[in-house]
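Student: 3D, please:
(chains A, B, C and D)
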Protein chains: 2
Amino acid sequence: MSQSDFPPAQLLSMALISVDVVALRLHQGQLQVLTAPATHPKATFPRALPAGRIDPQIDSELEQTALRQITQLTSAEPSWLEQVETIGNNHRDSRGWSLTVVYFALLRGEPEKDLGEAEWLDIGIQTTACHDPQLPDLAYDHQSLLLTAIERLCSKVQYSTLPLYLLPEVFTLSEIRDVFNCILGKSPPMRSIRNRFVGGNILEDTGEKRYGSNRPASIYRMKECDCAQLFNRLYQTTQ
Amino acid sequence: MSQSDFPPAQLLSMALISVDVVALRLHQGQLQVLTAPATHPKATFPRALPAGRIDPQIDSELEQTALRQITQLTSAEPSWLEQVETIGNNHRDSRGWSLTVVYFALLRGEPEKDLGEAEWLDIGIQTTACHDPQLPDLAYDHQSLLLTAIERLCSKVQYSTLPLYLLPEVFTLSEIRDVFNCILGKSPPMRSIRNRFVGGNILEDTGEKRYGSNRPASIYRMKECDCAQLFNRLYQTTQ
DNA sequence: CGAATAGTGTCTATAAGACAATATGCC
DNA sequence: GGCATATTGTCTTATAGACACTATTCG
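Tutor: The predicted structure is shown next:
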């Protein structure tokens, strides 16, 4: 904040700052997290979340720093980006006080065009107890950051249009059900998904059909809207 | 983050950091926000949110910094404290890149014991459209931080036990209704409040009664629990 | 008793869930 | 036709809301 002058010497006006990103996608029925190599010699595991520092030449907002961590690793544009939390303390970095701003991104399951060091790691869902996902090993405390982001995802898919942000631009209703299954290990009945998304006027029918060895499915698209819409109930079957 | 060495010179590893707090209470049927004097000479208004910097002698976690901003101004212990967002950019502080971590606190409506410079300012609710509260003038961009916190409050009271954190340790059901009225300008019917809070086994009946010039009301207390409990629906009448 | 507020009973409205029934493509 | 999946119909359930009715205290 700018309201006070430089504080007296015993107060800390500056600290190490980094931005970490949990970028998730659905790939072949599997929830995956984007990782980068863990470069620090003390790293306990070889992979870590994409992370970096503010580049004052490029970034004018924190969100741009987060976005840059993703675009350095994959050419896909995130369909969703939000801040999760800021962790700040004096024991996370051996050099002293540090802050990490954690962002949460979703990418559409499109043909991937990853760059250099990127690697997507699977996130397993315990179908018996979806509250305990099997997370890949990550360096530093990144597994716990991942857990926080996954918990937000699990919560938010149940009362918002967030599931649509993991799908391609166009999709069928069954694919929405698949998103729930991949994330939570279970899904609301198609009846409920249909009532909420079609009945709620969230989707636009493209008029196209997806053909398979069965009755073709209508292909939908999200209606124009700036951000995820919220419903006023949770699904019960996914809890 | 600790995983990378000091970044190359063009990257910013440090930035100005402050912690701002939106501390709210209910006082005589009025939602109020805790303010401190705005000390900066360029301040546009005389009052500002409590804000400060990390004190490395005292704080080991960011939350402690937030808590300290409150306890410097009032002797009451917050009943609720959560992080709202972190704002980071290069134009908020004239000195360059800065980060502000914003916290959101609730205080129980107890006899106040404010210290020195503290002042509580009223927050008006437009009963016609509760989406547009009348916020007091605050220095810097603090009015917009306040707005974000108020929006979170308005949202969260509708699907959690958060209303209870603005009440004293013991309270009647009518006082829960009053919380809704103060915050949103309207309230769910008593029937719905009763079903949710009493039927949901959230409250403990103290056995005591509050007497007035009418039928006495049962006095309740929150049941033991670490954090606010969530319901799986929003009230409809408060939207 | 009357005023005032607390609390209950009961019917309606809404949206989710269960599940049977029907539709429509491919083979 | 038979299979597989999509879609619809309809009944049930859970919880909020409306509102009338009863309960209990004070003055």
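Student: what about the closest residue in space to A:Leu99 that isn't next to it in sequence, is that helix, strand or coil?
Tutor: By the measure of CB to CB, 6 or more residues apart in numbering or on different chains, the closest residue to A:Leu99 outside its immediate chain neighbours is A:Gly88, 4.2 Å from it. Quick note: C-beta positions are derived from backbone N, CA and C, even for glycine. The local conformation at A:Gly88, judged by DSSP: H, G, I helix; E, B strand; the rest coil, is strand.
Student: so which helix or strand takes in the one residue sitting closest to the centre of chain A?
Tutor: Nearest to the geometric centre of chain A sits A:Ala105, at 3.5 Å (CA atoms, centre = their mean). Taking DSSP states H and E as the criterion, A:Ala105 maps to strand A:96-106.
Student: Following that strand in sequence, what is the next regular element?
Tutor: That would be, after strand A:96-106 and using DSSP H and E, strand A:119-123.
Student: Is the helix or strand just after that next one positioned near DNA strand C?
Tutor: Sequence-wise, the next helix or strand downstream of strand A:119-123 (DSSP H and E) is helix A:142-156. No: contact of helix A:142-156 with DNA strand C (CB under 7 Å from any atom of the strand) is absent, the minimum separation being 14.4 Å.
Student: repeat for stretch A:166-185
Tutor: No: figure legend: stretch A:166-185 not in contact with DNA strand C (CB under 7 Å from any atom of the strand); closest approach 9.9 Å.
Student: Contacts only, for A:Ile125.
Tutor: Residues in contact with A:Ile125 (CB atoms under 8 Å, 6 or more residues apart in numbering or on different chains) are A:31, A:133-134, A:182-185.
Student: what's around A:Tyr165, how many residues?
Tutor: Neighbour count of A:Tyr165, defined by other CB atoms under 10 Å in any protein chain shown: 20.
Student: In terms of pLDDT, where does it sit?
Tutor: As predicted, A:Tyr165 sits at a pLDDT of 98.
Student: So what sits opposite A:Ala23 in the bridge?
Tutor: Here A:Ala23 sits in beta bridges with A:Ala105, as judged by DSSP bridges.
Student: Pull the number of nearby residues for it.
Tutor: Applying other CB under 10 Å, we find 27 residues neighbouring A:Ala23.
Student: my read: it touches A:Val102, true?
Tutor: No: the pair A:Ala23 and A:Val102 does not pass the contact test of CB atoms under 8 Å, sitting 11.4 Å apart.
Student: thinking again about what came up before, go through the strand holding A:Ala105 and flag the buried ones.
Tutor: Buried residues in strand A:96-106, counted by 16 or more other CB atoms under 10 Å in any protein chain shown: A:97-106.
Student: what packs against it?
Tutor: In terms of contacts (3 or more CB pairs under 8 Å, 6 or more residues apart in numbering or on different chains; DSSP states H and E), strand A:96-106 is packed against strand A:14-27, helix A:62-71, strand A:80-93, helix A:142-156, strand B:96-106.
Student: Serialize the buried residues of strand A:96-106 to TSV and add fields for distance to DNA strand C.
Tutor: As requested, the buried residues of strand A:96-106 are exported to TSV (distance: CB to the nearest atom of the strand, whole Å):
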residue	distance to DNA strand C
A:Trp97	45
A:Ser98	42
A:Leu99	38
A:Thr100	36
A:Val101	33
A:Val102	30
A:Tyr103	29
A:Phe104	24
A:Ala105	26
A:Leu106	21
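Student: Low-confidence stretches in chain A?
Tutor: Filtered on pLDDT under 70, chain A yields the residue ranges A:1-10, A:111, A:126-131.
Student: Enumerate the residues of it near DNA strand C.
Tutor: Neighbours of DNA strand C within chain A, by CB under 7 Å from any atom of the strand: A:188-189, A:191-192, A:195-196, A:199, A:209, A:211-216, A:231-233, A:235-238.
Student: Name only those of these that count as buried.
Tutor: For the residues of chain A next to DNA strand C, a neighbour count by 16+ other CB under 10 Å gives the buried set as A:188, A:192, A:196, A:231, A:235, A:238.
Student: got CSV for those, with secondary structure too?
Tutor: CSV is the format used below for those (three-state DSSP):
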residue, secondary structure
A:Pro188, coil
A:Ser192, helix
A:Arg196, helix
A:Phe231, coil
A:Tyr235, coil
A:Thr238, coil
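Student: A:Thr35 bridge partners, please.
Tutor: Counting by DSSP bridges, A:Thr35 forms beta bridges with A:Glu119.
Student: follow-up on the earlier one: just the buried ones out of the contacts of A:Ile125, please.
Tutor: Among the contacts of A:Ile125, those classed as buried by 16+ other CB under 10 Å are A:31, A:133, A:182-185.
Student: of the residues you listed, closest to chain B?
Tutor: Within those, distances to chain B taken as CB to the nearest CB reach their minimum at A:Leu184, with 14.6 Å.
Student: now that we're looking at the residue lying closest to A:Pro50 once chain neighbours are set aside, how far away is A:Val102 from it?
Tutor: With CB to CB, 6+ apart as the criterion, A:Pro50 has its nearest non-adjacent residue at 4.1 Å, and that residue is A:Gln69. Distance, A:Gln69 to A:Val102, by CB to CB, to the nearest Å: 11 Å.
Student: In contact with A:Leu203: list those residues for me.
Tutor: If you count contacts by CB under 8 Å, 6+ apart, A:Leu203 has them with A:197, A:220-223.
Student: What residues does chain A have near DNA strand D?
Tutor: Residues of chain A found near DNA strand D (CB under 7 Å from any atom of the strand) are A:172-174, A:190-191, A:194, A:198, A:212-218.
Student: try 10 Å this time
Tutor: A:172-178, A:189-195, A:198-199, A:205, A:209-220, A:232-233, A:236 (CB under 10 Å from any atom of the strand).
Student: Please parse chain A into its domains.
Tutor: With domains defined by automatic domain parsing, chain A comprises A:16-156, A:162-222.
Student: My guess is the residue nearest to A:Leu99 contacts A:Trp97. True?
Tutor: Yes: in this structure, A:Gly88 is within contact of A:Trp97 by CB under 8 Å, at 7.2 Å.
Student: list the residues that contact both of those two?
Tutor: Between them, A:Gly88 and A:Trp97 share these contacting residues under CB under 8 Å, 6+ apart: A:15, B:54.
Student: Spit out the contact partners of the closest residue in space to A:Arg47 that isn't next to it in sequence.
Tutor: Of all residues not flanking A:Arg47 in the chain, A:Thr35 sits nearest, at 4.1 Å (CB to CB, 6+ apart). Applying CB under 8 Å, 6+ apart to A:Thr35 gives the contacts A:47-50, A:118-121, A:136, A:138.
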